[in-house]
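K.L.:
predicted coordinates and the sequence they were generated for:
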Amino acid sequence: MPRLNPETKNKVFTLLSQAKSLNFIRRETGVKKTTAYYYMRKMHGRKIALVNMNTTNISRNAEILGFFAGDGNYYFDAKNYSYRIILSFNSLTEKRLQEYYTHSLYLLTHKKAWIYTTKDHELRVEMKSKELYTFLQKYLYWDKRTTKTKSVHIKDISLLNNEVFCQGFLRGLIDSDGCISKDLRDISFGSVSFHLVQDFLVCLDTLSISHSDIRVKKDNTGKEADFFLLRLYRQDTKRFLNLVQPAKMKRVGGDLNSG
């Protein structure tokens, strides 16, 4: 890191003491944001604990990737130079699902998440972590110029040849954007990201689970994105549930041994 002259350093400290954002400091002083962040940490200490990522469990990694692809989002806070990762659930019906993924996230990061409910009954699990964001970015692609939901998908399709990865990834996708009927006979997955539904299809093929072709529900009004849908054939739903073990299955209350 280049040494700052005393005048510039004093100006940086002054702006930091005034709670100016890192972007503002960069514009005013010409100092890189990473350098300004370094001096902010010297002033205030580290605000966000470092995350010790445990990425050895392929199935758990994949389920977090799947759920984030379906019902996750991220925000970058330029003022504090921090990344916020959020997983969203329905507070009225998905409490158990939230608890499952909160625990899974803790096993991955060894860090506790912040859990809260919004005014519109959305239950959120939030974690500030650049390491977690980097992990998600390593395996998932989405176009930063548009909304994540329209373009998100797996970066390296060779991962979809791994049965253990596919079981975890399908679990996350079904738990976020999938649908399981109460009698466990009907299972479907839908998304506005065509490539994500393709990833789902490839994983089913890897596990030799039969399914329909991808259908598209077009929005002729131009107000909404096209929606892509895929259904499992009934003869393979029980096998799918046994292999994938969706956490959502506990909420619908079915019995795999029936029928």
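P.N.:
Sure thing, it's come through.

K.L.:
in what helix or strand does the residue most central in space within the chain lie?
P.N.:
Ranked by distance to the mean C-alpha position of the chain (Cα atoms, centre = their mean), the top residue is Phe68 at 1.9 Å. Under the criterion DSSP states H and E, the helix or strand holding Phe68 is helix 58-71.

K.L.:
check which helices and strands the helix or strand just after that helix sits against.
P.N.:
Tracing the chain C-terminally past helix 58-71 and defining elements by DSSP H and E, one meets strand 72-77 next. If contacts are counted by 3 or more Cβ pairs under 8 Å, 6 or more residues apart in numbering; DSSP states H and E, strand 72-77 sits against strand 82-90, helix 130-139, helix 148-151. C-beta here means a position set from N, CA and C on the backbone, and glycine is covered the same way.

K.L.:
strand 72-77 vs helix 130-139, what angle?
P.N.:
With axes from the mean of the first three to the mean of the last three Cα atoms, to 10 degrees as the basis, strand 72-77 and helix 130-139 are set at 130 degrees to each other.

K.L.:
can you pull the buried residues of strand 72-77?
P.N.:
Buried residues in strand 72-77, counted by 16 or more other Cβ atoms under 10 Å: Gly72.

K.L.:
ok so, going back, can you add mean pLDDT, mean neighbour count and distance to Arg234 and give the helices and strands packed on strand 72-77 back as a markdown table?
P.N.:
A markdown table is the format used below for the helices and strands packed on strand 72-77 (pLDDT from 0 to 100; neighbours: other Cβ atoms under 10 Å; distance: least, Cβ to Cβ, whole Å):
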| stretch | mean pLDDT | mean neighbour count | distance to Arg234 |
| --- | --- | --- | --- |
| strand 82-90 | 93 | 20 | 26 |
| helix 130-139 | 94 | 17 | 32 |
| helix 148-151 | 91 | 17 | 29 |
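
K.L.:
make JSON lines out of those and add distance to Thr118.
P.N.:
What follows is the helices and strands packed on strand 72-77, written out as JSON lines (distance: least, Cβ to Cβ, whole Å):
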{"stretch": "strand 82-90", "distance to Thr118": "9"}
{"stretch": "helix 130-139", "distance to Thr118": "21"}
{"stretch": "helix 148-151", "distance to Thr118": "18"}
